[in-house]
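Chemist: quick one, structure for this:
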Amino acid sequence: MGTRTLVSPVPSGSRVTADEAEDANSKSALTKRAAAGRLKWSGPLLVVMGRSVLIIVAQAFVACVSWLRFHSWSWNGAAKWWTVYGTLVDAGCLTLMAVYTHKEGIRLRDLIGRVRLRWGRDLFVGLGCLLLIFPFFALGFPAASWLVYGNFQQPAFAGMLSGRVLPWWAVVYSLSVWWLVWSPTEEMTYQGYALPRFEVLFGSRLKAMVIVSFWWALQHSFLPFILDWRYVAWRFLAFLPGVVAFMLIYLRLRRLPPLILAHWMMDISAVLFTLQF
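Modeler: Numbers count the residues shown, from 1 in each chain. Model (predicted):
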């Protein structure tokens, strides 16, 4: 049997071994790249914090467009468009991750891991993940409402819950494009990219989970971003248990396809529940 040669887009002067190319996002492969200086703190820090910044910038962009068209500034009015401008956020995150994965000598696709569809394996695992994770979100929202507002009733804000009215093209876009791109990009950002790299750089799984869970939950406080500190605190606390559950499952599986499937089902339901047809 001949020797297999693997070709990867690697920086000049670096090499990728066969084992590393087959499982480029494993802890051992990341440890080797960190020791070689191809994995540094700048990438994970910029990516994990950058998604929240991009969400605020995208909402500001929509508010500015509204002002130019109607000569009326409305930050909360821009909030309802989150299932449209969210794709701009995804484009920014994918670009950042593509830059830093290229520096490591791996592909963006390597963050996802192997897809196992034989006998519907990943479909069933994804459904199982959804059943495990959903209760954390279902209980997280009323618990956060009680902690922040003193009752179990969830507050109503612009761009959230029911009553979001968008033009027909934006509704079609939200139901056909937004969630298909948003879910895998979010999973790649926090789990496929940031979490395993922080685990190696910190030398601690707990520290990695703390920093990623903070920024992942905080992201949901900005989608949409309402200028009210109680709203931000409520959303953060409501999503924190669920994102921790997501991370614990990922650390067990070390693959994203089942989690992306579970995330897809949660995000499409979010669109259906928040849009008024």
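Chemist: in this protein, where is pLDDT below threshold?
Modeler: The model of the chain has pLDDT under 70 over residues 1-22, 71, 157-163, 277.
Chemist: give me the nearest residue to the residue nearest the centre of it, chain neighbours excluded.
Modeler: Central residue check for the chain by C-alpha atoms, centre = their mean: the C-alpha nearest the mean position is that of Glu186, 1.8 Å away. If you skip the residues right next to it in sequence, Glu186 has His263 as its closest partner in space, 6.8 Å away by C-beta to C-beta, 6 or more residues apart in numbering. C-beta coordinates here come from the backbone N, C-alpha and C atoms, glycine included.
Chemist: ok, Ala233 - contacts?
Modeler: Contact criterion C-beta atoms under 8 Å, 6 or more residues apart in numbering gives 144, 148, 221 as the residues in contact with Ala233.
Chemist: nearest to Ile112 among these?
Modeler: Looking at the contacts of Ala233 and their distance to Ile112, the nearest is Ser221, at 26.4 Å (C-beta to C-beta).
Chemist: the closest one and Trp215, how far apart?
Modeler: Remark: distance between Ser221 and Trp215 (C-beta to C-beta, to the nearest Å) = 10 Å.
Chemist: quick check, nearest of the contacts of Ala233 to Val232?
Modeler: Nearest to Val232 among these: Ser221, at 4.3 Å, using C-beta to C-beta.
Chemist: and Gly203, how many neighbours does it have?
Modeler: 11 (other C-beta atoms under 10 Å).
Chemist: what's the spacing between Ile268 and Leu68?
Modeler: 32 Å.
Chemist: between the two, which one's more packed in?
Modeler: Using other C-beta under 10 Å as the criterion, Ile268 and Leu68 rank with Ile268 on top: 18 against 8.
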